[in-house]
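[1] Fold the following and give me the result.
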Amino acid sequence: MNAQLNAKPSHAMRKIMLAGSIALVIAVAGCSSNKKSTSSSTHQGASYATEEALRASVTYWEKRYRNNNKDTKTALNYGQSLRLLGRHDQALAVLEKLATEHPKDRVILAAYGKALATVGRFQQALQVLQTAQTPTTPDWRLDSAMGAIYDQTGNFQKARGHYDKALLQAPDSPSVLSNYGLSYLLEGDLVSAESYLRRAAKNPKADSRVRQNLALALGLQGKFGEAEAIASNELSPQQAAENMAYLKEMLSQRNNWDKIKKQG
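    Coordinates of the predicted model:
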């Protein structure tokens, strides 16, 4: 298996990989849920073991939001949970209103910028994030988010420039290293992708998505044994086996990268 793939992934595939926020191995294999999927809320740091738990979170924050939509924490968590659940237009509406009310709050602007990028409004998203960033007291999260957006537009070098800035502020951050790895994966350089994702996965703060993305990078190189061992700790045994079977089938056929892109 050639670890250096020359074809560039499609726009659709870049879109679903925003900010390393998904375990791409699941998206590729078409599984609907995982065993330890973790999604972080900016204020809460909450994690959702299942989609059902995420839906329950949306219901909880929606109720609080209806009672008091002026509460910053409530609105932010509601918008974030909506975005994680895939209700992107609604999430954007909530976060846009919040950003209008708090135009200098960098956490809110970062969430708003990510919501804009999720619906494909990349230039506006970058403008929002750049407005939130300040040269004297830069926020590494904003640089990481901008890097993820540049990756989606295929500007990998500019993306990695932002990741480098983020790592200067937050050395060995698993989320930044994961984004770095996904950037190389999108470009088709699986060896570099594996290197960064391994570094990210070693960090005790790395979440399930990082490890699943490492499993994907390994599986795409034909390292199925190790990939399945990692995936088995994050997915049900059946899901892990299905993922590996799917990757083996795809990689055994010609034009495998193009076929994987179409699945995206």
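
[2] average pLDDT across stretch 228-235?
    Averaging pLDDT along stretch 228-235 yields 83.

[3] So what's the residue count around the residue nearest to residue 228 when sequence neighbours are not counted?
    Spatial nearest neighbour of residue 228, chain neighbours left out: residue 244 (4.6 Å); criterion: CB to CB, 6 or more residues apart in numbering. (Glycine included, C-beta is placed from N, CA and C.) The local packing of residue 244 (other CB atoms under 10 Å) involves 20 other residues.

[4] Now do the helix or strand encompassing residue 229: distance to the chain's middle.
    Using DSSP states H and E, residue 229 sits in helix 224-234. Centroid displacement of helix 224-234 relative to its chain, using CA atoms, centre = their mean, to the nearest Å, is 20 Å.

[5] same thing with stretch 198-218?
    Counting by CA atoms, centre = their mean, stretch 198-218 comes out at 12 Å from the chain centroid.

[6] What residues sit buried inside that stretch?
    By neighbour count on 16 or more other CB atoms under 10 Å, the buried set for stretch 198-218 is 199-201, 206-218.

[7] Against which helices or strands is the helix holding residue 229 packed?
    Judged by 3 or more CB pairs under 8 Å, 6 or more residues apart in numbering; DSSP states H and E, the packing partners of helix 224-234 are helix 208-220, helix 237-251.

[8] sorry, back to before: tell me the two of the buried residues of stretch 198-218 that are most distant?
    Across the buried residues of stretch 198-218, no pair lies farther apart than 207 and 218, at 17.7 Å, counting by CB to CB.

[9] can you map out the helices along the stretch 101-250 of the chain?
    Taking DSSP state H, counting those that start in this stretch as the test, the helices found in the stretch 101-250 of the chain are 106-118, 122-132, 140-152, 156-169, 174-187, 190-202, 208-220, 224-234, 237-251.

[10] Of all those, which one comes closest to residue 80?
    Nearest of those to residue 80, taken as CB to CB: helix 106-118 at 6.1 Å.

[11] Give me the contacts around that closest one.
    Here helix 106-118 makes contact (CB atoms under 8 Å, 6 or more residues apart in numbering) with 15, 18-19, 42-43, 72, 76, 79-80, 83, 88, 91-92, 95-96, 98-99, 102-103, 122, 124-126, 128-129, 131-133, 139, 141-142, 145, 148-149, 152.

[12] switch the cut-off to 6 Å
    Helix 106-118 is contacted from outside by 18, 42, 83, 88, 91-92, 95, 98-99, 102, 124-125, 128-129, 132, 139, 141-142, 145, 149, using CB atoms under 6 Å, 6 or more residues apart in numbering.

[13] Just the buried ones out of those residues, please.
    18, 42, 83, 91-92, 95, 98-99, 102, 125, 128-129, 132, 139, 141-142, 145, 149.

[14] picking that back up, closest one to residue 58 among the helices of the stretch 101-250 of the chain?
    helix 106-118 (14.6 Å).

[15] Mind picking out the helix or strand in this structure with the poorest mean pLDDT?
    Least confident helix or strand of the chain, by mean pLDDT, DSSP states H and E, is helix 24-29 with a mean of 33.

[16] okay, the helices and strands packed on helix 224-234 in a markdown table with distance to residue 190 next?
    Formatted as a markdown table, the helices and strands packed on helix 224-234 follow (distance: least, CB to CB, whole Å):
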| stretch | distance to residue 190 |
| --- | --- |
| helix 208-220 | 6 |
| helix 237-251 | 11 |
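
[17] weakest of those by average pLDDT?
    Among the helices and strands packed on helix 224-234, helix 237-251 carries the lowest mean pLDDT, at a mean of 74.

[18] Can you give me the neighbour number for residue 86?
    Counted with other CB under 10 Å, residue 86 comes out at 11.

[19] contacting residues for it?
    So residue 86 contacts nothing (CB under 6 Å, 6+ apart).

[20] Tell me the confidence at it?
    89.

[21] For residue 99, see how far away it is.
    Distance, residue 86 to residue 99, by CB to CB, to the nearest Å: 21 Å.
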